[in-house]
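[1] would you be able to build a 3D model of this:
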Amino acid sequence: MIYLARKNEQVIYHADKNAMMQMDGVSPEMEITEEEFYAADGLIRIINDKIFLGKTKKEKAIENAHNERNRIDANLVRLDSEYLTPRILAGAALGDEYSQKKIKEHDSLALPLREERKPYDELIKAAN
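    Presented below is the predicted three-dimensional model:
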């Protein structure tokens, strides 16, 4: 078991209840299993005057938004490197039909990804 208590506006934890009382002079307010402690990645804090384990729903949503945005960005980079090579860009500038077709293909694939990215950008921006 892991014992949790507040001390000086922070959460302290011990694996031994007696050690908590002797070393910190506080009694446990909450006890959790080691599995719960590790599942929270050791993130324990006071939120709304309560001891809170792990990330909040908002923090999880923001983390998910970052992950999704990174996934989309990786796809955009892949598309750019596949379709927007210097040769294709130069050919398109010279009016080469094949190059112009490749750029249109790129745009048809990249545009939906950019649209998919917008809500994640907005969520991240609102969080900052």
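[2] verify the stated contact: Glu63 with Lys57.
    No - using Cβ atoms under 8 Å as the test, Glu63 is too far from Lys57 to be in contact (10.7 Å). In short, each C-beta sits where N, CA and C put it, glycine included.
[3] please identify which of those two sits among more neighbours.
    The neighbour comparison of Glu63 against Lys57 (other Cβ atoms under 10 Å) goes to Glu63, with 11 against 7.
[4] which one is that one nearest to, not counting chain neighbours?
    Excluding its sequence neighbours, the residue lying closest to Glu63 (Cβ to Cβ, 6 or more residues apart in numbering) is Lys55, at 7.0 Å.
[5] how about that neighbour, secondary structure?
    For Lys55, the secondary-structure state derived from DSSP: H, G, I helix; E, B strand; the rest coil is coil.
[6] which strands or helices does the longest helix along the chain pack on?
    The residue-count maximum for a helix in the chain (DSSP state H) belongs to helix 97-127. Applying 3 or more Cβ pairs under 8 Å, 6 or more residues apart in numbering; DSSP states H and E, one finds that helix 97-127 contacts helix 57-83, helix 86-93.
[7] so who does Asn64 touch?
    Applying Cβ atoms under 8 Å, 6 or more residues apart in numbering, one finds that Asn64 lies in contact with no residue.
[8] what's the distance between Glu74 and Ile103?
    For residue 74 the amino acid is Ala, not Glu. Taking Cβ to Cβ, to the nearest Å as the measure, Ala74 and Ile103 are separated by 21 Å.
[9] noted, bye for now.
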